[in-house]
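Enquirer: Quick one, fold the following:
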Amino acid sequence: MFICSKCGKCCTMMKYLQQSLPEEFADFRELAKELDSGDGICRYLDREARLCRIYESRPLLCNNALFFEQRLKDLMTREEFDKILNFSCKTIRSDEILQ
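Expert: Alright, predicted model coming up:
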């Protein structure tokens, strides 16, 4: 199971997502561009609280459960997706992906 630590680090990766998402997720690259406040940080991140200001209506890119259901459930199991999320989260929090 994946449990978000609410560190806000994934919300600081809009530039990275614009550059690294594969072609089949081009719509998410465009969304990351729209969400980017100009410095790579999501425009909806409350920078002090490190929480999303639109959490209840956040886009599909930011909603892991809905993203899995709509885009990935025919490609992998939920358990596989959770393993990917846990690994990605650990990597993002350690800043390895941003270097």
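Enquirer: From here on, just use CA atoms for contacts and neighbour counts.
Expert: Fine.
Enquirer: Show me which positions of stretch 67-77 end up buried.
Expert: For stretch 67-77, burial by neighbour count (16 or more other Cα atoms under 10 Å) applies to Phe68.
Enquirer: Between the two ends of that stretch, how far is it?
Expert: Start-to-end span of stretch 67-77 (Cα to Cα, to the nearest Å) is 13 Å.
Enquirer: what residues does that stretch touch?
Expert: Contact with stretch 67-77 is made by 60-61, 78, 81, as judged by Cα atoms under 8 Å, 6 or more residues apart in numbering.
Enquirer: what stretches of the chain score poorly on pLDDT?
Expert: In the predicted model of the chain, residues 95-99 satisfy pLDDT under 70.
Enquirer: Now the longest helix seen in it: buried residues?
Expert: Across the chain, the longest stretch assigned as helix under DSSP state H is helix 78-93. Residues of helix 78-93 classed as buried: 78, 81-82, 85-86, 89, 92 (neighbour count, 16+ other Cα under 10 Å).
Enquirer: and it, how far from the chain's centre?
Expert: Averaging C-alpha positions (Cα atoms, centre = their mean, to the nearest Å) puts helix 78-93 11 Å from its chain's average.
Enquirer: what's the answer for stretch 55-67, then?
Expert: Worked out by Cα atoms, centre = their mean, stretch 55-67 lies 9 Å from the chain centre.
Enquirer: next one: stretch 69-78
Expert: Centroid separation between stretch 69-78 and its chain, computed with Cα atoms, centre = their mean, is 16 Å.
Enquirer: quick one: terminal-to-terminal distance for that stretch?
Expert: 9 Å.
Enquirer: Repeat that for stretch 60-67.
Expert: Using Cα to Cα, the two ends of stretch 60-67 sit 6 Å apart.
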